[in-house]
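In: Pasting the sequence and the predicted coordinates here, then a few questions.
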2 protein chains.
Amino acid sequence: MKIKPAPGAYDFQLLIKNILAYSLVLEPEREIVYSNKSRYNYHTLNKRIRQLANVLNSLGANGGAPVGVIDYDCHRYLECYFGIPMTGNVLHTVNWRLSPAQILYTIKHAQDKILIVNEDFLPLVEGFIDQIPFVAHIIVTTDNNSAASNAYKSYEHLLLQAADTYDFPDFDEDAVATMFYTTGTTGDPKGVYYTHRQLVLHTFHLAATFGFVGGAAGRMSSDDVYMPLTSMFHVHAWGFPYLATMYSLKQVYTGRFDATTVTELIANEGVTFSHCVPTILQMVLNKADEQQTDLSRWKVVSGGAAMPVALAKRALQMGIDLRASYGMSETCPVICSGYIPLACKDNDIDWQARTRSRTGTWPLFTDMRIVDAQGNDVPKDDTTQGEIVLRAPWLTNGYLYDDVRGAELWTGGYLHTGDVATINERNSIRIADRIKDVIKSGGEWISSIALESFIGQHPWVAETAVVGLPDAQWGERPCALVVPHAGKTLTADILRDHLQQYVNSGELSKWAVPELYKWVDAIPKTSVGKIDKKEIRRSI
Amino acid sequence: MKIKPAPGAYDFQLLIKNILAYSLVLEPEREIVYSNKSRYNYHTLNKRIRQLANVLNSLGANGGAPVGVIDYDCHRYLECYFGIPMTGNVLHTVNWRLSPAQILYTIKHAQDKILIVNEDFLPLVEGFIDQIPFVAHIIVTTDNNSAASNAYKSYEHLLLQAADTYDFPDFDEDAVATMFYTTGTTGDPKGVYYTHRQLVLHTFHLAATFGFVGGAAGRMSSDDVYMPLTSMFHVHAWGFPYLATMYSLKQVYTGRFDATTVTELIANEGVTFSHCVPTILQMVLNKADEQQTDLSRWKVVSGGAAMPVALAKRALQMGIDLRASYGMSETCPVICSGYIPLACKDNDIDWQARTRSRTGTWPLFTDMRIVDAQGNDVPKDDTTQGEIVLRAPWLTNGYLYDDVRGAELWTGGYLHTGDVATINERNSIRIADRIKDVIKSGGEWISSIALESFIGQHPWVAETAVVGLPDAQWGERPCALVVPHAGKTLTADILRDHLQQYVNSGELSKWAVPELYKWVDAIPKTSVGKIDKKEIRRSI
């Protein structure tokens, strides 16, 4: 039954401007800190976002214009998170860790009308400037008001000249707010995109999930001091800057990552909540050990890669309230996070480390399934592997201008993550592998990641990568690339003996132990530092 | 910029079925307790809701059918909160505290196709059964499987015979999910209605507001034990049953209100979160005092009427984590709740009682304004009065089948609450009066509620009500009806002398002291127990 609203009833659209509006309600005097370079409160943030809106309009971006940002994590980036979509334009967060050719590809594909570029990246942009004639304006950001920007417009100068009032318009909540590109190991980067409605609902979910869900892991609150440790070009820094801004948390942005700066900011600014990939956490823990930084008030959500149990244990021992989470470029991103029932709060640290390093449990309004090749749900035995597929209100509706790959993503009406996982009876999942990397051998699936973890625990192994190779009898068989530590000579027998302990303990099937080993000097990596299994398979 | 979704992309609608789905994820073994009468876990709740859905379908309610419920607060009512809207039908929560004539009016106006009636209310329904021929089925609920339902279908018997599987359909999130009636002191009851989208967003807001917002008041979490103390027919019991179910909280329902049962349930079931009107809180505190019940783990959100500071102080002294909130039938309902900044956590108990009894601060995605008669925002001086008007994603879009009063409600694109309030510089509001009860005297507004509070503090005053009467010189002047305590003789001079202290302390303007007093035996009340100022003005 539908009823026509009364004349005058306000048709409330879920727009990012409403997130910003609330930043002035609870604690607007709190600060947004940019490393040791600047700090201002939410009143100033709101004014500067309005100035940015006027600047965008004056440069002809009056809605629907993609605006690319190439900058470090800072208050200006936060301003772009709001000012660009709130004027109806589209924030394109450019991944400056890609190769110049890939960055050029994404700017051309997005057809950015304006680029906001940190002066450090100007040489990069100037390297392909003749190939982006559709970019009407380049705005340069700088930390020190240097004169480097003579040839271009300066972000700060433009803001200074702009009015700090702006009446942000209403429009359809299904308007696109953000876009960015994800690189697989195959094909061109793919553009994903999110609407105002999706980002708003994702923000609601973060507040509800990390604020309301209890258990033994620490809850986030509006009194936390927030510092992201994942890049702001990377899936909206997991969406937390929107959450932090909505509730006027004190926010701390680091600029270029540097472990010393990070530990100093944690100590000096009283940071209590961060999110990062395991590699970054490791670097921060090392530095904190060195500097005797107290991390016992720090809540950390890890993601982006499997959390090693040993690293989780080390973090817990240092007093960090750690839990893993899961997401991807296509999912806005957070679609899983650790839930530790209150009843398990006194379980020992090894249990905590194992449990908190699991991928976690899906949030409200997420219909997540782990399905086998026939699309049937796998049993909740934490052993049977299946692909994670899901529905949620905040998933990309496809790939930009690419309905073929978009339709593949959404095969059967569920978003296919390409990740293989198991699920236990408490609805906690654990990712085993990428579906394209899982080794299909004799009708069973062998996780290449599990093998890498076991092989990597041999003290002489510096690094390893496992791929499946075609096999006439079994379909595929695992092959391990291994980088030995300097001066050590490994053999297949040594590693097979080493792996036997995991067979004995039941953690590894006997038939999953690789016969093939290759000794190499380095493991091929992609531009973002992931193991390039496609290249490995090609080269073997 | 809008982009067409890829083929197959799932168009996620915000439906109540997604709230229920999550109840099986975190702690599905937790129980829903109905007083000392029954208890079952979330697996059973889910099965019974599916059985109810099959029953509704078998009785011809296949979408769009209003289904009226007349019952006490219990697990069955919770089942109706889900099963009725999830089948696309509309839950009509019937207010059984209205007069029989008003109840009949609402059932006729709603055109209920099915009535679910507790056997205690059968005589009421049978009293007007010949006037509701459009009701095709009456289903009777009973706590003791008594035979009283021979003439009607029994809820439990129907469920027993129904299959416990059901594939809840997708449909438009703007479909109406619930409706109920609100009675003012003028005119017929008005029907308000809420869509699936609105109830979902209100549930998100409750999770975010009561889970994420920090400060000195205790936050709710998924580990709370929930017991509503506001009727389930009253604005979805403030929406908390949806929140509690989503996160599989243990829930406790009381049945007919009885203070002894309530204190026993708090103690025996470990209740940690409730919401209620001040009168109910007072009754529970009295009983807890008598029975020495420990309430120190109890978080309470009060609303529905102004929280007296003295009652707030008493609750705080008993260790209750109390805060006021605000809402109305037209607002789903929660649109304000107390925010106590962390910086004020050690302020003394009198400060806490004053602050926690304030109406509070609006939540995320609520555009609340306090406006004068010209529609301009009043200054944040906590003195200037104005009407509360607002926009939010969860407000009724009008009144059922009454566009005239719906358009009045939404004058100027804002929902007009009819409540007069002040606001301080921390965005905390305090309701002063109903706009129709405020006394407009010499161009200024006098709060009738403030006058009632001051007069009521004279020890000889049992009860009082203040209304504005037409005055040739001032427009209106206040007139106080007063019920003296037995054996006491009050005079206008005594009360004017009494009021002088509030003039001296600056709490009351000199010109606001009434000249007119009337001594009466009782104050006229409406059917729901509110002071009937319309009747008072008519009778004076």
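Out: That came in fine, so what should we check first? Numbers count the residues shown, from 1 in each chain, chains lettered A, B, ... in the order given.
In: On the three-state scheme, whichever residue of the stretch 1-150 of chain A sits closest to chain B is what?
Out: Chain B sits closest to A:A6 of the stretch 1-150 of chain A, with a gap of 2.7 Å, by C-beta to the nearest C-beta. Every C-beta, even on glycine, is put in place using the N, C-alpha and C of the backbone. Of the three states, A:A6 takes coil according to DSSP: H, G, I helix; E, B strand; the rest coil.
In: ok now do it, which residues does it touch?
Out: B:397-399, B:403, B:406-407, B:409-410 (C-beta atoms under 8 Å, 6 or more residues apart in numbering or on different chains).
In: Could you pull out the strands in the stretch 351-500 of chain A for me?
Out: With DSSP state E, counting those that start in this stretch, the ranges of strands along the stretch 351-500 of chain A come out as A:367-371, A:386-391, A:415-423, A:429-434, A:439-441, A:444-446, A:461-471, A:475-484.
In: Of these, which shows the lowest average pLDDT?
Out: In terms of mean pLDDT, the lowest-scoring of the strands of the stretch 351-500 of chain A is strand A:444-446 (a mean of 83).
In: can you list contacts of that strand?
Out: Here strand A:444-446 has contacts from A:385, A:420, A:432-433, A:438-440, A:468, A:478, A:509, A:511-512, using C-beta under 8 Å, 6+ apart.
In: Using PyMOL, define a selection of the buried residues within those.
Out: Buried subset of those, written as a PyMOL selection, criterion 16 or more other C-beta atoms under 10 Å in any protein chain shown:
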select buried, chain A and resi 385+420+432+433+438+439+468+478+512
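In: How about the strand or helix carrying A:N54, which residues are buried there?
Out: Following DSSP states H and E, one finds A:N54 within helix A:42-58. Under the neighbour-count criterion of 16+ other C-beta under 10 Å, helix A:42-58 has A:42, A:44-56 buried.
In: one step back: nearest to B:N376 among the contacts of strand A:444-446?
Out: B:N376 has its nearest neighbour among these in A:V420, at 60.4 Å by C-beta to C-beta.
In: returning to that earlier point: now, which of the contacts of A:A6 lie close to chain A?
Out: Among the contacts of A:A6, the ones lying close to chain A by the criterion of C-beta under 8 Å from any C-beta of the partner chain are B:397-399, B:403, B:406-407, B:409-410.
In: Show me those that map onto helices.
Out: B:403, B:406-407, B:409 (DSSP state H).
In: Show the buried residues in these.
Out: Buried among those (16+ other C-beta under 10 Å): B:406, B:409.
In: what's the closest of the ones in helices among the ones next to chain A among the contacts of A:A6 to B:A343?
Out: B:L409 (38.1 Å).
In: if we can go back for a sec, adding pLDDT and distance to chain B, write the buried residues of helix A:42-58 out as JSON lines.
Out: Output for the buried residues of helix A:42-58, formatted as JSON lines (pLDDT from 0 to 100; distance: C-beta to the nearest C-beta, whole Å):
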{"residue": "A:Y42", "pLDDT": "98", "distance to chain B": "13"}
{"residue": "A:T44", "pLDDT": "98", "distance to chain B": "18"}
{"residue": "A:L45", "pLDDT": "98", "distance to chain B": "17"}
{"residue": "A:N46", "pLDDT": "98", "distance to chain B": "14"}
{"residue": "A:K47", "pLDDT": "98", "distance to chain B": "18"}
{"residue": "A:R48", "pLDDT": "98", "distance to chain B": "21"}
{"residue": "A:I49", "pLDDT": "98", "distance to chain B": "17"}
{"residue": "A:R50", "pLDDT": "98", "distance to chain B": "17"}
{"residue": "A:Q51", "pLDDT": "98", "distance to chain B": "22"}
{"residue": "A:L52", "pLDDT": "98", "distance to chain B": "18"}
{"residue": "A:A53", "pLDDT": "98", "distance to chain B": "16"}
{"residue": "A:N54", "pLDDT": "98", "distance to chain B": "20"}
{"residue": "A:V55", "pLDDT": "98", "distance to chain B": "19"}
{"residue": "A:L56", "pLDDT": "98", "distance to chain B": "14"}
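In: Quick one: low-confidence residue ranges for chain A.
Out: A:145-150, A:184-186, A:528 (pLDDT under 70).
In: Show me the domain layout of it.
Out: A:16-194, A:440-539 (automatic domain parsing).
In: can I assume A:D377 is in contact with A:I388?
Out: No. Taking C-beta atoms under 8 Å as the definition, A:D377 is not a contact partner of A:I388, at 11.4 Å.
In: Mind checking which of those two has more residues around it?
Out: Applying other C-beta atoms under 10 Å in any protein chain shown to A:D377 and A:I388 shows that A:I388 carries more neighbours, namely 27 against 13.
In: For the more buried one, which non-adjacent residue is closest in space?
Out: A:T417 (4.4 Å; C-beta to C-beta, 6 or more residues apart in numbering or on different chains).
In: I'd like to know how far the one you found sits from A:G327.
Out: Separation of A:T417 from A:G327 (C-beta to C-beta, to the nearest Å) stands at 9 Å.
In: the more surrounded of these two?
Out: A:T417 (23 against 20).
In: For A:G418, which non-adjacent residue is closest in space?
Out: A:I435 is the one closest to A:G418 (C-beta to C-beta, 6+ apart), at 5.0 Å.
In: Around chain B, which positions in the stretch 301-450 of chain A sit nearby?
Out: A:339, A:341-342, A:361-362, A:364-365, A:367, A:391-393, A:395, A:397-400, A:403, A:406-407, A:409-415, A:427.
In: Buried among the residues you listed? Make that a PyMOL selection.
Out: Here is the PyMOL command that selects only those of those that count as buried (16+ other C-beta under 10 Å):
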select buried, chain A and resi 339+341+361+362+364+365+391+392+393+395+397+398+399+400+406+407+409+410+414+415+427
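In: What separation do you get for A:V420 and A:V438?
Out: 5 Å.
In: mind listing the helices for the stretch 1-150 of chain A?
Out: A:16-22, A:42-58, A:75-86, A:100-110, A:122-126 (DSSP state H, counting those that start in this stretch).
In: Centre of the chain to stretch A:157-174, how far?
Out: 28 Å (C-alpha atoms, centre = their mean, to the nearest Å).
In: ignore the last one, stretch A:54-70
Out: Worked out by C-alpha atoms, centre = their mean, stretch A:54-70 lies 25 Å from the chain centre.
In: How about residues contacting that stretch?
Out: Counting by C-beta under 8 Å, 6+ apart, A:77, A:80, A:83-84, A:87-94, A:96, A:103, A:107, A:110-118, A:121, A:124-125, A:135-137, A:139, A:158-159, A:162-163, A:166, A:171, A:179, A:233, B:1 sit against stretch A:54-70.
In: In the stretch 251-400 of chain A, which residue sits closest to chain B?
Out: For the stretch 251-400 of chain A, C-beta to the nearest C-beta, closest residue to chain B: A:G398, 2.8 Å.
In: Can I get the buried residues of helix A:42-58 in CSV including distance to B:A472?
Out: Listed next are those as CSV, based on distance: C-beta to C-beta, whole Å:
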residue, distance to B:A472
A:Y42, 51
A:T44, 53
A:L45, 54
A:N46, 49
A:K47, 51
A:R48, 56
A:I49, 54
A:R50, 50
A:Q51, 55
A:L52, 57
A:A53, 54
A:N54, 54
A:V55, 59
A:L56, 59
